[in-house]
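J.: any chance you could fold what I've pasted below:
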Amino acid sequence: MRGRKPVPTHLKRLHGNPGKRPINEHEPVPEGDLHAAPTWLSDSQREGWAYAVTKSPHGLLKHLDRSVLAIWVVAEDLHREAAEKISQYGLLTKSPNAGLPLQSPYLAILNKQAQIMLKAAAELGFTPSSRSRVQIVPDVSDNPFAKFRQRKPWEYGGDPADEFFDD
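T.: Sure thing, here's the model as predicted:
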């Protein structure tokens with residue numbers, strides 16, 4: 001690790017940039033809300049995906065977050081399966097040779113998936129502490145002044161003059 005996670009630009013501006021470090025004026029802003037689950041997920045993982053997408057605040061998950069959400073969903077599914085096996089077989093099993101009690105192999109799976117889930121959840125803003133750092137920008141389409149916003153070159157597909165002058 002290289003120290004603390006960087007503070008998002010909008011939070012630096014909100015707090016008046018207390019560290020007086022340069023502010024990234026060209027920070028990328030992901031677009032497009034995330035909805036559909038990847039086709040390779042199992043049925044139970046798709047249920048986890050649908051749960052996460054429907055229960056997260058509108059506008060939080062973007063297309064760019066797809067891989068992190070997939071990691072969280074798969075880890076959540078494996079964690080659930082391991083927890084079910086532990087409740088079915090118990091925390092201990094007998095060693096094949098001596099018959100001595102051993103830790104269930106499902107316990108290691110449960111713990112590892114819990115770590116993965118927590119890391120991905122923190123990145124997605126799913127934990128209480130990470131939610132306090134997330135700010136959701138309201139939808140521009142609700143803004144009556146949105147038509148005056150300067151459009152990006154990829155939004156109009158060519159020369160901005162083409163929008164005003166029909167040949």
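
J.: so residue 102: helix, strand or coil?
T.: Assigned by DSSP: H, G, I helix; E, B strand; the rest coil, the conformation of residue 102 is strand.

J.: what does residue 72 give?
T.: Per three-state DSSP, residue 72 ends up helix.

J.: can you tell me which residues contact the closest residue to it other than its chain neighbours?
T.: If the residues on either side of it in the chain are set aside, residue 72 comes closest to residue 120, at 3.9 Å by C-beta to C-beta, 6 or more residues apart in numbering. C-beta: built from backbone N, CA, C; applies to glycine. Neighbouring residues of residue 120 by C-beta atoms under 8 Å, 6 or more residues apart in numbering: 68, 69, 71, 72, 75, 126.

J.: so which of those sits lowest on pLDDT?
T.: pLDDT is lowest at residue 126 among the contacts of residue 120; the value there is 81.

J.: which of the helices or strands spans that one?
T.: When elements are assigned from DSSP states H and E, residue 126 belongs to no helix and no strand.

J.: can you count the residues close to it?
T.: 20 (other C-beta atoms under 10 Å).

J.: tell me how far it lies from residue 55.
T.: Per C-beta to C-beta, to the nearest Å, residue 126 is found 9 Å from residue 55.

J.: ok, residue 72 - contacts?
T.: 52, 116, 117, 120, 121, 124, 126.

J.: farthest pair within the residues you listed?
T.: Pairwise distances across these peak at 14.5 Å for 52 and 116 (criterion: C-beta to C-beta).

J.: which one of those two has more residues nearby?
T.: Comparing residue 52 with residue 116 by other C-beta under 10 Å, the one with more neighbours is residue 52, at 20 against 17.
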